[in-house]
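K.L.:
Predicted model follows, preceded by the sequence.
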Amino acid sequence: MAASSSSSSSIKPIFTTRSKSSNSSKSSLLSFLHNTNPKPISLKFSSHNSNYTTPPSFTIRNSLQTALETSELPVSKFQDDLNLQAVTPKPTILVSEKLGEAGLAILRSFGNVECLYDLSPEALCEKISQCDALIVRSGTKVTRSVFEAANGKLKVVGRAGVGIDNVDLQAATEFGCLVVNAPIANTVAAAEHGIALLASMARNVSQADASIKAGKWLRSKYVGVSLVGKTLAVMGFGKVGSEVARRAKGLGMNVIAHDPYAPADKARAVGVELVSFDQALATADFISLHMPLNPTTSKIFNDETFAKMKKGVRIVNVARGGVIDEEALVRALDSGVVAQAALDVFTEEPPAKDSKLVQHENVTVTPHLGASTKEAQEGVAIEIAEAVVGALRGELSATAINAPMVPSELRSLAGWLCSWYPEGVALSL
Ligand SMILES: NC(=O)C1=CN([C@@H]2O[C@H](COP(=O)(O)OP(=O)(O)OC[C@H]3O[C@@H](n4cnc5c(N)ncnc54)[C@H](O)[C@@H]3O)[C@@H](O)[C@H]2O)C=CC1
Ligand SMILES: O=C(O)C(=O)COP(=O)(O)O
């Protein structure tokens, strides 16, 4: 494939585009074709070194379809030529973890849906080469091996939730696979779970519950601490963090937040003061974690940072286990620097049965339930199904985490066009 910045008369066809206003509702993977730059740009492809001899995937055809519909070309000529509608097969969508019915219904109306919930990593790699899209939650690791095994067929990975730390984004991008998530629908559920853990930790609810079921009646052992008037540091003032802050203020807490990227006016609007990381640690009676897991936040809570906390601090984590050095947390609990922790998430999920952290008497745990309400799961399922179907249709995704599709699609499109037009093709924009 060769690309040049000038057009050539020996090359056909020339795709020109209509003005943006002519079809504003239709976004496309080829939306960059809607170029308002008066200087024409053209990409020239020739078949000389193209490896593409097979017809394009449905995604490419859908993108091309959209491009044709929004162009000034005599569409029928090309539609007849390319037989876009007739050759489009139904995509295969693999759902590897439990997804709400409403989302599955949307997916089924568009493609062939296979729900296989307990695939081993090896079985996933074996299956993936037959799939156009994969939908996961937090339990499926979408590793480089998965993208390698997909052999170019996998076009979209949909994360039915927020955190995308279980998807190798670098590999996805390299393999031309779009990753989309569902960032909105589980925000309130996660915030409510954070508040549930905060309150139950402060009043020893789970320990007291276990003791009474074991035949004990320990009223003095389980005297708790009050929330009102205490300082809560929200670490990560995004969607979940800000909802936790709002609710904590309703409980009479003094709320501060640390987030290097949060706008001060957003915090002010909730009545929250944005502070530095160290200031948050030094001031807080309670710390609630709501940042994503990434290389910057990995084990950001460690021996050094626990040492900066107020003695007797209480920590809630509904973000990701990996933001805490779990061995350091055990040490901090043993020394009393951390009085209690309430954890929904763990570095390894599920954690080992004999995990010192999980078994610690001052630790309350739940099995990654932050997003697990009926309402949130229905919402997330719809949100991710719409995002995945949109991406497969060739539409530009509002929740794309990476954006590898344009070059990849263009390469595939170029190869395919070259197989139809061996003398070469120019896209004039
Ligand atoms: N336990 C569960 O079931 C759930 C867990 N989550 C976790 O919660 C995280 C947050 O979710 P949302 O609030 O929806 O995401 P979000 O993207 O709206 O908020 C994350 C915030 O963290 C901030 N941040 C990034 N690096 C930071 C750092 N080093 N220190 C402090 N703040 C930092 C960002 O600026 C952003 O404002 C997700 O990434 C996910 O891992 C989300 C939903 C459910
Ligand atoms: O949305 C998130 O980031 C979550 O952690 C929710 O995870 P889940 O989809 O319940 O496995």
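P.N.:
Nice, thanks for sending it over. Ligands and ions are numbered 1, 2, ... in the order given.
K.L.:
Kindly report the residues of this structure close to ligand 2.
P.N.:
Within the chain, the positions near ligand 2 by C-beta under 6 Å from any ligand atom are 137, 138, 139, 160, 161, 162, 163, 186, 368, 370, 371, 372. Any C-beta I mention is one placed from the backbone N, CA and C, and that applies to glycine too.
K.L.:
try 5 Å this time
P.N.:
137, 138, 161, 162, 163, 371 (C-beta under 5 Å from any ligand atom).
K.L.:
Using ChimeraX, define a selection of the buried residues within those residues.
P.N.:
The ChimeraX selection below is limited to those of the residues of the chain next to ligand 2 classed as buried (16 or more other C-beta atoms under 10 Å):
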select :137,138,161,162,163,371
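K.L.:
Need the max-distance pair from the residues of the chain next to ligand 2.
P.N.:
137 and 162 (10.5 Å; C-beta to C-beta).
K.L.:
shared neighbours of these two, anything?
P.N.:
Residues touching both residue 137 and residue 162 (C-beta atoms under 8 Å, 6 or more residues apart in numbering) are residue 371.
K.L.:
helix/strand/coil for the closest residue to ligand 2 within the chain?
P.N.:
Closest residue of the chain to ligand 2, C-beta to the nearest ligand atom: residue 161 (2.5 Å). Secondary structure for residue 161, judged by DSSP: H, G, I helix; E, B strand; the rest coil, is coil.
K.L.:
ditto for the one 3 residues further on
P.N.:
What three-state DSSP gives for residue 164 is coil.
K.L.:
my read: it touches residue 401, true?
P.N.:
Yes: the pair residue 164 and residue 401 qualifies as a contact (C-beta atoms under 8 Å) at a distance of 5.3 Å.
K.L.:
Let me see the ranges of the strands in this structure.
P.N.:
Along the chain, counting by DSSP state E, strands occupy 42-45, 92-95, 112-115, 133-136, 156-159, 178-181, 231-235, 254-258, 273-274, 286-289, 313-317, 338-343, 363-365, 425-428.
K.L.:
Can you tell me which of those is most buried?
P.N.:
Of the strands of the chain, the one with the most neighbours on average (mean count of other C-beta atoms under 10 Å) is strand 156-159, at a mean of 29.
K.L.:
Mind checking the pLDDT average for that one?
P.N.:
Strand 156-159 shows a mean pLDDT of 98.
K.L.:
Direction included, what does that strand pair up with?
P.N.:
Partners of strand 156-159 in the sheet, by DSSP bridges, are strand 133-136 (parallel), strand 178-181 (parallel).
K.L.:
Run through who's touching the first one.
P.N.:
So the one you mean is strand 133-136. Everything outside strand 133-136 that qualifies as a contact, by C-beta under 8 Å, 6+ apart, is 91-97, 99, 107, 111, 128, 140, 142, 146, 154-160, 166-167, 384-385, 388, 391-392.
K.L.:
Go ahead and build a ChimeraX selection from the buried members of these.
P.N.:
The buried subset of those, as determined by 16+ other C-beta under 10 Å, is captured in ChimeraX by this line:
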select :91,92,93,94,95,96,97,99,107,111,128,140,142,146,154,155,156,157,158,159,160,166,167,384,385,388,391,392
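K.L.:
Kindly report the residues of this protein close to ligand 1.
P.N.:
Residues of the chain lying near ligand 1 (C-beta under 5 Å from any ligand atom): 162-163, 190, 236, 238-240, 259, 261, 290-292, 297, 318-320, 344, 370-371.
K.L.:
any weak-confidence spans in the stretch 201-350 of the chain?
P.N.:
Across the stretch 201-350 of the chain, not a single residue meets the criterion (pLDDT under 70).
K.L.:
residue ranges for the helices of it, please.
P.N.:
Ranges of helices within the stretch 201-350 of the chain are 205-213, 239-250, 264-270, 277-283, 303-306, 326-335, based on DSSP state H, counting those that start in this stretch.
K.L.:
Next, the buried residues of the longest one.
P.N.:
Right, the one you point to is helix 239-250. Under 16+ other C-beta under 10 Å, the buried positions of helix 239-250 are 239, 240, 241, 242, 243, 244, 245, 246, 247, 248.
K.L.:
Name the residue of the stretch 301-429 of the chain that lies nearest to ligand 1.
P.N.:
For the stretch 301-429 of the chain, C-beta to the nearest ligand atom, closest residue to ligand 1: residue 370, 2.5 Å.
K.L.:
burial of the residue in the stretch 151-300 of the chain positioned nearest to ligand 1, as a residue count?
P.N.:
Here the stretch 151-300 of the chain gets closest to ligand 1 at one residue, residue 238, 1.8 Å apart by C-beta to the nearest ligand atom. Neighbour count for residue 238, taken as other C-beta atoms under 10 Å: 20.
K.L.:
One more: residue 298?
P.N.:
So residue 298, with other C-beta under 10 Å, has 15 neighbours.
K.L.:
Could you pull up the contacting residues of the nearest residue to it once chain neighbours are set aside?
P.N.:
Nearest non-adjacent residue to residue 298, counting by C-beta to C-beta, 6 or more residues apart in numbering: residue 322, 5.5 Å away. Shown in contact with residue 322 (C-beta under 8 Å, 6+ apart): 165, 293, 297, 298, 299, 347.
K.L.:
From residue 154, how far off is residue 322?
P.N.:
25 Å (C-beta to C-beta, to the nearest Å).
K.L.:
Show me how the record splits this protein into domains.
P.N.:
13-88+407-428, 92-185+376-392, 187-199+225-368 (automatic domain parsing).
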